[in-house]
Structures are given as structure tokens and as C-alpha cells.
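1. mind looking at a prediction? Sequence and model below.
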Amino acid sequence: MSTCAVAVQQADGSYLLQVDPTVTDVSSCTYVVQSGADIAGSLLLMSANDGATYSLAIFSVWVTAWAFRMFVRTLNGDQNDSE
């Protein structure tokens, strides 16, 4: 369930969001606070299997880039491994 929130400026100039549960139409709100059910498609809610799949994909891209870099170094004849 989504709820409206109102930004209230504090004495030190910072802002504080206060939830306003009396508003029923969230389309007119400036700030909307969402519940856990509203963010069901979030990346933070992925399964361990999904996380492993994403990790493998990211690692594969990294390894491919590293291998390409080493291949270019070999073609250029750069023997300086100071990095």
C-alpha cells in the first residue's frame, strides 16, 4: 500500500518526511512511501539463484575485458607489468 508523505523543513534547514495516511489518491502526492508489496520487482528481493546468475554474468564480462586487455598488450609487445 502506498502512502503520501509531506516534506517538513526543520530548524537546521534539513527536511523530514512525515507520512500523511489521510490522503487516499497518491497520484497527487509529491512524495510517495511504498510498502514491501509495492516493490516486489526490486533487485533486492532476488533469489539466491538469480543472484548467482547475475554474478556469473558480471564476472564473465570482467574476465572477457581482462582477456581482451592482455591480448592487446601482447600485440603491442608491452612487457611492462607495473600496474
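-> Great, that's in hand. Numbering: from 1, shown residues only.
2. would you list the phi and psi of the closest residue to Met46 other than its chain neighbours?
-> Of all residues beyond its chain neighbours, the one nearest Met46 is Tyr54 (7.4 Å), with distances taken as Cβ to Cβ, 6 or more residues apart in numbering. Where C-beta positions appear, they are placed from N, C-alpha and C, glycine not excepted. Here is the backbone geometry of Tyr54 (degrees, to the nearest 10): phi -60, psi -40.
3. next one: Tyr54, what pLDDT does it get?
-> You'll see Tyr54 listed with a pLDDT of 91.
4. tally of neighbours for it?
-> Look at Tyr54: counted by other Cβ atoms under 10 Å, it has 12 neighbours.
5. now do it against Thr64, distance only.
-> Distance, Tyr54 to Thr64, using Cβ to Cβ, to the nearest Å: 16 Å.
6. nice, that's everything, thank you.
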